[in-house]
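1. Okay, predicted coordinates and the sequence, questions at the end:
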Amino acid sequence: MPKLHSKVKKDQTFHKREDFYKEIIRKNRSLQEKIFLGGGKNAIEKLHTRNKLHCRERIDLLIDKDSYFMELGLFAGYGMYEEYGGAPSSGTIFGIGKIHGRNCVIVANDATVKAGAWFPITCKKNLRAQEISMENRLPIIYLVDSAGVFLPMQDEIFPDKEHFGRIFRNNAVMSSMGIPQIAAIMGPCVAGGAYLPIMSDEALIVEGTGSIFLAGSHLVKAAIGEKIDNESLGGATVTTEISGITDEKMKDDKECIAKLRELISKLGHNQLAGFDRIESRKPSHNEKEIYGVLPEDTSKPYDTYELIGRIIDDGDFDEYKPNYGKTIITGYARIDGWAVGIVANQRSIVKSKSGEMQFGGVIYSDSADKGARFIMNCNQRKIPILFLQDVTGFMVGSRSEHGGIIKDGAKMVNAVANSVVPKITIITGNSYGAGNYAMCGKAYDPRFIFAYPNAQIAVMGGSQASNVLLDIKVGQLKKQGKELTEDQKKVFLEEIHNRYDEQTNVLYAASRLWVDEIIDPKDTRKIVSYCIELANNNPEIKKFNPGVIQT
């Protein structure tokens with residue numbers, strides 16, 4: 001198989017880029033460590049005095065010792081709900097880990113964040129956890145410790161299709177799909193939230209700390225005048241011996257977690273999808289060198305082949321149409337032994353077949369056509385697709401419009417939308433406009449979507465947006481017989497640019513779950529390999545039907 005050979009020199013530019021990425025990753029880790037504490041050290045210590053473990057301690061005990069836990073949505077809620085004191089990680093932890101060697105989705109309420117109450121983004125995060133469980137046929141475990149809906153925001157979480165009730169609807173659908181759901185009630189479980197564990201296949205409850213009821217003692221007194229405490233209303237003894245709504249009573253968190261591990265150990269095994277895997281080989285170049293390949297400024301060009309060569313096994317890359325549509329790179333490779341198709345934006349300036357220079361990161365008609373055809377090939381051959389997204393959009397201008405860029409772009413978007421093999425997307429730099437769609441953005445159902453720590457997501461770049469909006473503003477004022485001074489124009493441009501800088505920042509995207517997680521570039525191989533392993537657990541791959549794709 002043809003090999004990719006690096007042309008990167010470890011010069012001053014390389015080391016400057018490397019230092020930049022190391023610093024941005026250091027800042028991210030510092031922020032992660034703060035988020036890990038949820039409501040803070042004092043709140044965690046308070047849990048311990050009540051004989052309760054923090055949600056992260058529960059997960060550590062639940063998964064196999066020294067195993068990998070792929071946490072997703074860590075930054076959910078970051079910078080949001082500040083008027084209420086914030087919601088670190090949305091008050092819920094979720095990820096995928098191994099229990100007795102079996103991959104399981106784990107969802108755990110963080111009782112140190114508003115008593116585990118649900119914000120709107122918490123609901124979105126829980127729905128994403130269930131979606132991943134369903135798409136990959138993974139058992140799901142709920143570690144329940146929640147005061148229910150965050151009442152000041154009830155209108156944004158209760159009644160709509162993608163709100164709170166959708167979670168219980170998913171419980172029922174997952175049950176019909178044969179996906180094991182096991183719940184452990186390790187704290188309060190109130191009102192509508194009570195349906196989640198009881199709609200699971202099995203529900204455990206911890207004595208003294210776990211409780212479950214539709215209405216707590218205060219609401220019962222207010223509603224019907226009955227005086228009763230929460231333990232007598234829906235504690236462990238009542239729910240296991242009188243109402244029978246839970247299945248078994250546990251003396252503490254540790255015993256409960258041991259029981260969960262025991263239950264998971266006896267699950268049957270699924271037939272696999274059958275994605276091809278051989279013995280893994282290391283990349284031809286060190287993965288850490290990705291830091292020196294990617295530019296600090298995402299508007300600057302770089303050779304995407306250098307990135308691919310540090311992800312794939314031994315540099316072996318069987319490229320598809322290497323001399324056509326050069327602003328998109330397509331080809332077959334292996335990552336940690338798994339066969340994979342790669343669709344990547346080439347960020348270097350390249351020559352078209354006619355000799356014309358083409359901008360890197362822009363999708364032209366020929367590259368869109370190539371991308372669509374390659375995606376269809378991967379579907380035919382049952383090969384998962386990795387999208388390395390660093391795209392500034394489709395080419396504009398009369399030449400492109402007359403050449404049918406909309407038709408060719410629609411062809412690629414159609415192929416992505418109808419693709420049935422697992423799609424994994426990593427936003428390595430820019431993700432602008434319709435390029436986000438063509439390269440399998442969140443709206444196009446990637447099984448997993450990640451971003452590098454310097455990624456940017458927006459309908460267009462800040463400088464372009466600010467100039468467009470300035471032109472519109474000038475036009476509106478001109479109709480009114482008014483004009484902006486040069487200083488006013490400068491202030492206007494600066495305000496728009498600053499707003500775009502904030503909204504295109506990858507943390508803004510991660511806080512709203514536009515991406516599943518921000519990842520360290522050097523971990524790309526490990527994460528992609530694990531995602532394919534998870535996707536391989538679902539044997540149901542429909543027949544590919546590309547729909548209407550004009551040739």
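-> Thanks, I have the structure now.

2. how about the strands in the stretch 101-250 of the chain?
-> Counting by DSSP state E, counting those that start in this stretch, the stretch 101-250 of the chain has these strands, from start to end: 102-109, 140-146, 181-190, 202-206, 211-213, 248-250.

3. Below-threshold pLDDT in the stretch 201-350 of the chain: ranges please.
-> Low-confidence regions of the stretch 201-350 of the chain, defined by pLDDT under 70, are absent; no residue qualifies.

4. quick one, strands of the stretch 351-500 of the chain?
-> All strands of the stretch 351-500 of the chain, identified by DSSP E, counting those that start in this stretch, fall at 357-358, 362-363, 385-391, 393-394, 423-432, 448-451, 456-458.

5. partners of the first one, with directions?
-> It stands for strand 357-358. Within its sheet, strand 357-358 is paired with strand 350-351 (antiparallel), according to DSSP bridges.

6. Just list the residues touching Arg334, thanks.
-> 278, 280-281, 312-313, 316, 340 (Cβ atoms under 8 Å, 6 or more residues apart in numbering). No exception for glycine: its C-beta is placed from N, CA and C like everyone else's.

7. how about a cut-off of 7 Å?
-> With contact set as Cβ atoms under 7 Å, 6 or more residues apart in numbering, Arg334 has these partners: 278, 312-313, 316, 340.

8. Arg58 too?
-> Taking Cβ under 7 Å, 6+ apart as the test, what Arg58 contacts is 108, 143, 253, 257.

9. confidence score at it?
-> Predicted confidence (pLDDT) at Arg58: the value is 98.

10. Could you tell me whether it really is in a helix?
-> Yes. Remark: Arg58 belongs to a helix, assigned using DSSP: H, G, I helix; E, B strand; the rest coil.

11. Isn't Ala122 up against Thr92?
-> Just so we're on the same page, residue 122 is Thr rather than Ala. Yes. The criterion here is Cβ atoms under 7 Å, and Thr122 meets it with Thr92 at 5.2 Å.

12. excluding its backbone neighbours, what's nearest Ile496?
-> With Cβ to Cβ, 6 or more residues apart in numbering as the criterion, Ile496 has its nearest non-adjacent residue at 3.8 Å, and that residue is Ser466.

13. just Pro139 next, same as before
-> Pro180 (4.1 Å).

14. now do Val238
-> Excluding its sequence neighbours, the residue lying closest to Val238 (Cβ to Cβ, 6+ apart) is Ser232, at 6.7 Å.

15. Can you give me the distance of Arg373 to Phe317?
-> Shown here: Arg373 relative to Phe317, a distance of 18 Å by Cβ to Cβ, to the nearest Å.

16. Which one's more surrounded, the two?
-> In this comparison of Arg373 against Phe317, neighbours counted by other Cβ atoms under 10 Å, the higher total goes to Phe317 at 23 against 19.

17. doesn't Gly116 make contact with Gly91?
-> Yes. In this structure, Gly91 is within contact of Gly116 by Cβ under 7 Å, at 5.8 Å.

18. so what's in contact with those two at the same time?
-> Counting by Cβ under 7 Å, 6+ apart, the residues touching both Gly91 and Gly116 are 109-110.

19. Now the least confident helix or strand in the chain by mean pLDDT: buried residues?
-> Of all the helices and strands that make up the chain, helix 398-402 has the lowest average by mean pLDDT, DSSP states H and E, namely a mean of 74. The neighbour-count criterion (16 or more other Cβ atoms under 10 Å) identifies Ser400 as the buried residues of helix 398-402.

20. How about stretch 44-55?
-> Along stretch 44-55, the positions that meet the burial threshold by neighbour count (16+ other Cβ under 10 Å) are 44, 47, 52-55.

21. what's that stretch in contact with?
-> Stretch 44-55 has contacts (Cβ under 7 Å, 6+ apart) with 37, 93, 108-112, 143, 145, 186-187, 208-209, 252-253.

22. Quick one: end-to-end length of stretch 73-92, please.
-> Using Cα to Cα, to the nearest Å, one end of stretch 73-92 lies 9 Å from the other.

23. Just the buried ones from the contacts of stretch 44-55, in PyMOL syntax?
-> Below is the selection syntax for PyMOL that covers the buried ones among those, with 16+ other Cβ under 10 Å defining burial:
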select buried, resi 37+93+108+109+110+111+112+143+145+186+187+208+209+253
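
24. now, among the contacts of stretch 44-55, which is nearest to Asn345?
-> Checking those against Asn345 by Cβ to Cβ gives Ile93 as the nearest, at 33.0 Å.

25. I would like the residues contacting stretch 106-115, please.
-> Contact partners of stretch 106-115, identified using Cβ under 7 Å, 6+ apart, comprise 38-40, 43-44, 47, 54-55, 58-59, 62, 87-89, 91-95, 97, 116, 126, 129, 140-147, 150, 187.

26. Which of those are buried, as a ChimeraX select command?
-> Selection of buried members from the contacts of stretch 106-115 for ChimeraX, criterion 16+ other Cβ under 10 Å:
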select :38,39,43,44,47,54,55,58,59,62,87,88,89,91,92,93,94,95,97,116,126,129,140,141,142,143,144,145,146,147,150,187
